[in-house]
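Asker: structure for this input, please:
(4 chains)
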Number of protein chains: 2
Amino acid sequence: MNRDGAEPVDVARTLREPAPAAAREAIERGIDREALVTVVGRCTVEYDGRAASRLEPGDRHVMLKPDGATLVHTDEGQQPVNWQPPGCDHGVSLSDGALRIESLRSTPAERLAVTFERIDQVSAFVLADERELAVVGTEEDLRERILEEPALVEPGFTPLATERDTPAGAVDIYGEDSEGRAVVVELKRRRVGPDAVGQLRRYVDALERDLHADATVRGILVAPSVTDRAERLLAEHGLEFVAAEPPER
Amino acid sequence: MNRDGAEPVDVARTLREPAPAAAREAIERGIDREALVTVVGRCTVEYDGRAASRLEPGDRHVMLKPDGATLVHTDEGQQPVNWQPPGCDHGVSLSDGALRIESLRSTPAERLAVTFERIDQVSAFVLADERELAVVGTEEDLRERILEEPALVEPGFTPLATERDTPAGAVDIYGEDSEGRAVVVELKRRRVGPDAVGQLRRYVDALERDLHADATVRGILVAPSVTDRAERLLAEHGLEFVAAEPPER
DNA sequence: AAGTCGATATCGCCA
DNA sequence: TGGCGATGTCGACTT
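Answerer: The predicted structure follows:
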């Protein structure tokens, strides 16, 4: 089998406007072959689990992945209108002559059912993809940048630990300033709102309790920028802000 | 045109293993017709914008929606490996004989480029879907339940406002207890961690400042359950917890 | 356009 | 498996 050659192999199998029974067979075969299966047609979607929903008949694109994920897309929006996460069991059946696709999981118990009243196309694709996505510009990148050049936080800042544990959770960077005071640094890769201030505050509080009753712990939020409300909250709680971004590349 | 009849109309147009030029034409025609276009094949994906990423050649399923959204799916995971949100401009071209799909947005400036070295299938679907998804079991549902039966919070609790504004943000339910003390209720539809406690704390703090320096403001977190750490944080800050869930249906 | 927060968030990491 | 926090979070709503 030559998946890299110029000659395409049998990656795709497609049926146009199949009868429900033929569609069912093609979908089952696709699932067995670990293919990515797509079904396009007019359908009803029911979901019941952590929440519950019902979607009346309309034209949609349904994708079944070999890892158990199910996605139901309309012609709008980045997010699927209904879905099921990886790890689910796909089931295909005929109900009163109609094609029905069910996707089930246990913990939590959730069920997604798609019932077709018209089937436009069924495809099964056997995809080969070993490549990993490499993303640049994350909080992790910002942390590395700060650790390489701690003066970006302030002159004399010395990192002592990353992911230092406190009763309130793990601190991004823990260190001390030029006068030996404890410093908690919370990193955000982009402009921050009130929630990030709350997070920093929790860590500072927890560390003050952890060290001494009278210990001075500075809290510094490092991010590209802050919203007005977040800035006010920082000031109210005696916390600081330093502008810095993840490296561009 | 009869989209609801038993006779399927021309919803789907599909090419198997098209040459790049034919694929380009089919994709452009699909975009012009406001179709949902899918392209399956071996491709490279580049993204540059809020972050940046590169994905080396592999088999993927690319979906172009008429609202401008782009999704690149591998055979694994619920989330697309790369994407572009609605509102983007799709562009299709031939680069050195290879099919290239570009998706661009301005604010923020972001670019997604998919270059194919093998094309297995191109499809265009004209989808009709006016139906809205109705979800049950949300935080909104929990709020309605509490407002209908405030005693679920505690006997004598009287809701006075929803979304009451404070300098720290809007409080889910604001009210008073049987002794006339101010009560802030924060609702969560599922089990909560430390972040929800931080949120409630912000609101209580803000309201205490807003009312009087000496005002007593109670904070009650209403959710199905809490984690250990969240429970400890609640106790530390004198906040309370009441178990309640959104209605099942 | 920006701020704020919910979500069937999803995802990855770690105890 | 559950807890916890990041995410190119997305999406809805408000200002």
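Asker: can you show me the CA trace of the longest helix seen in chain A as CSV?
Answerer: When chain A is parsed with DSSP state H, its longest helix is helix A:194-211. Taking only C-alpha atoms (Å, rounded to 0.1, in the frame of the first residue of the first chain), the coordinates of helix A:194-211 have been written out as CSV:
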residue,chain,number,x,y,z
PRO,A,194,-11.3,40.0,36.4
ASP,A,195,-11.0,36.2,36.6
ALA,A,196,-7.2,36.3,36.3
VAL,A,197,-7.0,38.8,39.1
GLY,A,198,-9.1,36.5,41.3
GLN,A,199,-6.7,33.7,40.5
LEU,A,200,-3.6,35.7,41.4
ARG,A,201,-5.3,36.9,44.6
ARG,A,202,-6.1,33.3,45.6
TYR,A,203,-2.4,32.3,45.2
VAL,A,204,-1.1,35.3,47.1
ASP,A,205,-3.6,34.7,50.0
ALA,A,206,-2.7,31.0,50.2
LEU,A,207,1.0,31.7,50.2
GLU,A,208,0.8,34.3,52.9
ARG,A,209,-1.0,31.8,55.1
ASP,A,210,1.5,29.1,54.1
LEU,A,211,4.6,31.1,54.9
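Asker: so what does it touch, helix or strand wise?
Answerer: Packed against helix A:194-211, as judged by 3 or more C-beta pairs under 8 Å, 6 or more residues apart in numbering or on different chains; DSSP states H and E, are the following elements: strand A:158-166, strand A:169-176, strand A:182-187, strand A:217-223, helix A:228-236, helix B:194-211. Every residue, glycine included, has its C-beta placed from N, CA and C.
Asker: tabulate those (JSON lines), appending distance to DNA strand C.
Answerer: Shown next, in JSON lines, are the helices and strands packed on helix A:194-211 (distance: least, C-beta to the nearest atom of the strand, whole Å):
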{"stretch": "strand A:158-166", "distance to DNA strand C": "7"}
{"stretch": "strand A:169-176", "distance to DNA strand C": "8"}
{"stretch": "strand A:182-187", "distance to DNA strand C": "15"}
{"stretch": "strand A:217-223", "distance to DNA strand C": "12"}
{"stretch": "helix A:228-236", "distance to DNA strand C": "3"}
{"stretch": "helix B:194-211", "distance to DNA strand C": "6"}
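Asker: so how far is DNA strand C from A:Phe157?
Answerer: Between A:Phe157 and DNA strand C the computed distance is 24 Å (C-beta to the nearest atom of the strand, to the nearest Å).
Asker: ok, and the closest non-adjacent residue to that residue?
Answerer: A:Pro150 (4.6 Å; C-beta to C-beta, 6 or more residues apart in numbering or on different chains).
Asker: returning to that earlier point: just how off-centre is the longest helix of chain A within its chain?
Answerer: Distance of helix A:194-211 from its chain centroid, counting by C-alpha atoms, centre = their mean, to the nearest Å, is 26 Å.
Asker: spatially nearest residue to A:Cys229 (excluding sequence neighbours)?
Answerer: Actually, residue A:229 is Arg rather than Cys. Spatial nearest neighbour of A:Arg229, excluding adjacent residues (C-beta to C-beta, 6+ apart): A:Pro194 at 5.5 Å.
Asker: confidence score at the one you found?
Answerer: Per-residue confidence (pLDDT) for A:Pro194: 97.
Asker: what's the burial count for it?
Answerer: 22 (other C-beta atoms under 10 Å in any protein chain shown).
Asker: tell me who's in contact with it.
Answerer: A:Pro194 makes contacts with A:227, A:229-230, A:233, B:168-169, B:202, as judged by C-beta atoms under 8 Å, 6 or more residues apart in numbering or on different chains.
Asker: can I get the lengthiest strand in chain A as PDB, trimmed to CA atoms?
Answerer: For chain A, the longest strand by residue count, based on DSSP state E, is strand A:110-125. The C-alpha trace of strand A:110-125 is given here as PDB (Å, rounded to 0.1, in the frame of the first residue of the first chain):
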ATOM      1  CA  GLU A 110     -24.900  10.500  27.400                       C
ATOM      2  CA  ARG A 111     -26.800   9.600  24.200                       C
ATOM      3  CA  LEU A 112     -26.800  11.300  20.900                       C
ATOM      4  CA  ALA A 113     -29.300  10.100  18.200                       C
ATOM      5  CA  VAL A 114     -29.500  11.300  14.600                       C
ATOM      6  CA  THR A 115     -32.400  10.200  12.500                       C
ATOM      7  CA  PHE A 116     -32.400  10.800   8.800                       C
ATOM      8  CA  GLU A 117     -35.500  11.400   6.600                       C
ATOM      9  CA  ARG A 118     -33.300  12.100   3.600                       C
ATOM     10  CA  ILE A 119     -29.800  11.000   2.800                       C
ATOM     11  CA  ASP A 120     -27.800  13.000   0.300                       C
ATOM     12  CA  GLN A 121     -24.400  11.400   0.600                       C
ATOM     13  CA  VAL A 122     -22.500   8.900   2.600                       C
ATOM     14  CA  SER A 123     -18.600   8.800   2.600                       C
ATOM     15  CA  ALA A 124     -16.000   6.900   4.300                       C
ATOM     16  CA  PHE A 125     -12.400   8.100   4.400                       C
END
